[in-house]
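Student: Requesting a structural model of the entry that follows:
(chains A and B)
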Amino acid sequence: MLTEKILQEFETILGKERILTSKEDLLSYAYDAYVEEYLPEAVLFPKTSVEVSRIMKVASTHRVFVTPRGAGSGLAACGLAKQGGVVLCFTMMNRVLEINKPNRYAVVEPGVVVSEFQKEVEKIGLFYPPDPGSATVATMGGTVLMNAGGMRGIKYGVTRDYLMGLEAVLPSGEVIQTGSLTAKDVTGYDLTRLICGSEGTLAVVTRITVRLLPKPKARRTLQAIYNTIDQAGNTVARIVEEGIIPATLELMDKMIIKALEDYAHLGLPLDAEAVLLIEVDGDQASVEKQAGIIAEFCRGQGARDVRVSQSEKESDQLWMARRGAFGAVARMRPTCVIEDVTVPVSFLTRAIKEVITIAQRNQVQIAVLAHAGDGNLHPLVLCDLRDKEEMKRVEKAMDEIVDFAMSVGGVLSGEHGIGIAKAKYLPRQLSPQTMNLMRNLKNTFDPLGILNPGSFLECAP
Amino acid sequence: MISQNLREEVHNCIKCGICLTPCPVYKQRLVEVASPRGKVQLIRNVMEGNLELSENFVRILFTCLLCETCTVNCPSGLKVDQLMKAMRVEVIEKFGLPGKKKFLFELLTGKRLLPFYLFWGRVLRNNLLPLLPVKGKVGTIPLKKFPRLNRQPFLKKIPEVITVPEPKGRVLYFTGCATNYLDGEIGRATIEILVRLGVEVVVPKDQMCCGLPIFLAGAPQMALPNILKNVALCNRQDVDAVVVECATCGAALKKEYPHILREMGQNAEGAEALSRKVLDISQYLMKFDLGKMLRPLQGKVTYHDPCHLLRSQGVKDEPRALLRQIPELNFVEMGGADVCCGGGGTFQWEHPEISENITAQKIGNIEETGANYVATGCPGCRLQIFGNLKKDEIEVIHPVQLIARSLSG
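Tutor: Numbers count the residues shown, from 1 in each chain, chains lettered A, B, ... in the order given. Model (predicted):
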């Protein structure tokens, strides 16, 4: 319980104006992009790591629960005060501290919005590849704690692959530095990559050093339309087999095509079963060559129509479909739950067909988007949260999707996180020994259990 | 009361947060209640009975520019602005309008406007101007930057019908209060261009304030007599189009009137018929081949998109195309042309500390172009931009004024 006295201690650190306690404010920090909601007791807005450290010390002394949060675009309730306490919101700690061109790295505070950072580095010819769908909202800190992925995963990997070092505050209030500014570093355990993806359960990140790449000089987009999912899936397999690595390789199924046509009228054929959107990037010559080879593969696998963009503008037009897909589907029903199972890429076609069968069997509306190149499926489950009976069927369908993913060596979540959304499935993927080791790790970082309580480790059966 | 279909709207918000970063107000405050998502979720809590209508809630609801950026960006297609406008009506029914707004709106709707205007404009205001405190401000705008009133209302100075020989068209011109009382030159420019194109212009003398500022403040009952009168006056068969050069009046006539009347349970057929005839002046002018009539104009112009023109009415290309037709005038696009200027009607008056930073970015973008004209078709935007510009050499102007200068140039 957060007493008046404890609040006053927080006030001496932050002042009154960076602590919110009104009912209206608390209600507005009770949600993220997942469905469940939890009311915090106060919301604190630190601006420096010193403030964060002092807050954690007060929290440790009084056993106040602390949950870190960025912009609240997460999909698994990781940034919500699931057992009360305070939300530590980083939106006001949002400076880009350094962009170092000679050594190609940047140092940012956790509240910087991902897409704004990307724009900033691209201005000087650099490139920060991690590109989650929420990039225009999500904060760098949030993407680090969640190890966010995105469409460029197949070629460029995920957030974890770009981290060089962190400044982090432990639940005790101690400040640690992890990693370094060098490209190679094997000194000790890799705490940087442990904290990354920890869903805010081990430490609070206050400063992030990321690796940058030179910005690719050219890009080409291909759109291929198929009569069957198999043809699209076989094209993906063919591209991967051949050793060509496109920057993105996205698949949209029939339901998404229909939603897009109802809403945006992009001229996609309604009788098609799948569309692939493929982007290659690099220097001009290799981009031309790769685009040509991929176009041949698409036709070879029976694509009924293949378009290759001839300009940036045309690329943008082709990507409009993919960018609009989520929205077009989301507006069909009040609630849209985004699934995130991921399978080894050779099982992609089977997985998509399985999801469609599961949807039909349970009479649930599911549209399938997939980051096809890395086997990451995003079944978009359409429903109405207020319809209890429908939600039961949704739950059953999700169980079955997880069953399938597990049966082929897949994972519960590719990039959205476990949180409370998938905690109940955790023992399906992790052995008791692994779970035990994870719990011990958590205990080492946070012996009092005050950081992000109610997270995946505690919720798991 | 919020109508049933709008009540359903709150459940369509999937809380993705895509509306956060583009929201000018959220970007300044960085707290959730400043964001569209925050407001929609609070409205949901009110509807579900978890939250009482409090003064804090009212403050939150009115800390919004109603720039509609969230509405056009929402992946789920939520009509966020309509939801917030409807909620405003509900809270004003409970809490009433703040005093200063009530006074302003009574002026705009009542018969007292003309005597008030004559007294202040002719007798006091223009003569007293040098006596005003030099450093005084209304919101972010220094008092000395407020425009002087027209010597005589524009509508008094022109005939009701301006005829031309062998007319190529016939339009009704809705001038709006700003042109009528503050900036008659825009009205003169509009009529001059139309007449040069051979278009007959009908200017009803007893047109009223469009009422949009009053409706947006949550007092549609107060705006209703104006709306009904304007619909009756402007919905006529004998004109090809109803042209408007004020973005806000255009948004009222084209988009909001039918919606407001339906929400209030009134017959909206007349308003719908009128809505189909309304055109922004730039849209109407682009139907003609002005190009060959225009003479060169020196300098550089940039264009600012008013929220009520770009997002409410979907007009983006025509004003730019119009300006590009002027020979030798260099058109440069500014960064963030489509971002709200931070004025938001009475918003800058109530929240100068938020407005200030939003406007500073707009001014920075304007200055970066090196333009000596910034053109925009909204009196609110012009006042906000002019009031915050530090450089005197940049002229804030309506696109039609530049066209008129080029015609006579």
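Student: Okay, now the unreliable bits of chain B?
Tutor: For chain B, the stretches with pLDDT under 70 are B:1, B:110-135, B:409.
Student: Identify the spatial nearest neighbour of the most centrally placed residue in it, chain neighbours not counted.
Tutor: Note on chain B: the residue nearest the mean C-alpha position is B:Thr248, at 2.7 Å, using Cα atoms, centre = their mean. Closest residue to B:Thr248 apart from its sequence neighbours, by Cβ to Cβ, 6 or more residues apart in numbering or on different chains: B:His308 at 4.7 Å. To be clear about C-beta, it is placed using only N, CA and C from the backbone, and glycine gets the same treatment.
Student: Let me see the domain layout of chain A.
Tutor: Chain A is divided into the following domains under automatic domain parsing: A:4-91, A:96-129+A:138-147+A:158-214, A:216-327, A:333-417.
Student: Correct me if wrong: A:Met438 contacts A:Leu430.
Tutor: Yes: with contact defined as Cβ atoms under 8 Å, A:Met438 and A:Leu430 form a contacting pair (7.5 Å).
Student: now for the domains of chain A, which one comes closest to B:Gly169?
Tutor: Relative to B:Gly169, the nearest member of the domains of chain A by Cβ to Cβ is domain A:216-327, separated by 32.1 Å.
Student: right, quick check: that closest one against chain B, any contact?
Tutor: Yes: Domain A:216-327 comes into contact with chain B (Cβ under 8 Å from any Cβ of the partner chain), by way of A:Tyr263, A:Gly324, A:Phe326, A:Gly327.
Student: can I assume A:Val345 is in contact with A:Gly373?
Tutor: Yes: using Cβ under 8 Å, A:Val345 is in contact with A:Gly373, at 7.0 Å.
Student: between those two, what contacts are shared?
Tutor: Here A:Val345 and A:Gly373 have A:Val236, A:Val240 as joint contacts, going by Cβ atoms under 8 Å, 6 or more residues apart in numbering or on different chains.
Student: And those two? Which one has more around it.
Tutor: Neighbour count, other Cβ atoms under 10 Å in any protein chain shown: between A:Val345 and A:Gly373, A:Gly373 has more, with 25 against 19.
Student: Quick one: residues contacting the residue of the stretch 1-150 of chain B found nearest chain A.
Tutor: Taking Cβ to the nearest Cβ, chain A has its nearest neighbour within the stretch 1-150 of chain B at B:Pro75, 2.8 Å off. Contacts for B:Pro75 (Cβ under 8 Å, 6+ apart) come out as A:Gly324, A:Phe326, A:Gly327, A:Ala330, A:Arg331, B:Ile14, B:Cys16, B:Ile18.
Student: Make sure the last one is indeed in a helix.
Tutor: If I follow you right, that is B:Ile18. No: secondary structure of B:Ile18 (DSSP: H, G, I helix; E, B strand; the rest coil): coil, not part of a helix.
Student: For the nearest residue to A:Gly125 once chain neighbours are set aside, grab the count of nearby residues.
Tutor: The shortest distance from A:Gly125 to any non-neighbouring residue, by Cβ to Cβ, 6+ apart, is to A:Lys215 (5.2 Å). For A:Lys215, the neighbour count with other Cβ under 10 Å is 16.
Student: ok, A:Lys215 touching A:Phe127?
Tutor: Yes: contact criterion Cβ under 8 Å: A:Lys215 and A:Phe127 qualify, at 4.2 Å.
Student: And A:Asp131, how far from chain B?
Tutor: A:Asp131 is 15 Å from chain B, where distance means Cβ to the nearest Cβ, to the nearest Å.
Student: list the contacts for that residue?
Tutor: Taking Cβ under 8 Å, 6+ apart as the contact definition, A:Asp131 lies against A:Val114, A:Gln118, A:Gly150, A:Met151, A:Arg152.
Student: And the pLDDT at the nearest residue to A:Val96 once chain neighbours are set aside?
Tutor: Residue nearest to A:Val96 in three dimensions, not counting chain neighbours: A:Val108, with 5.1 Å by Cβ to Cβ, 6+ apart. For A:Val108, the pLDDT comes out at 98.
Student: what's around B:Thr163, how many residues?
Tutor: Using other Cβ under 10 Å, the number of residues around B:Thr163 comes to 11.
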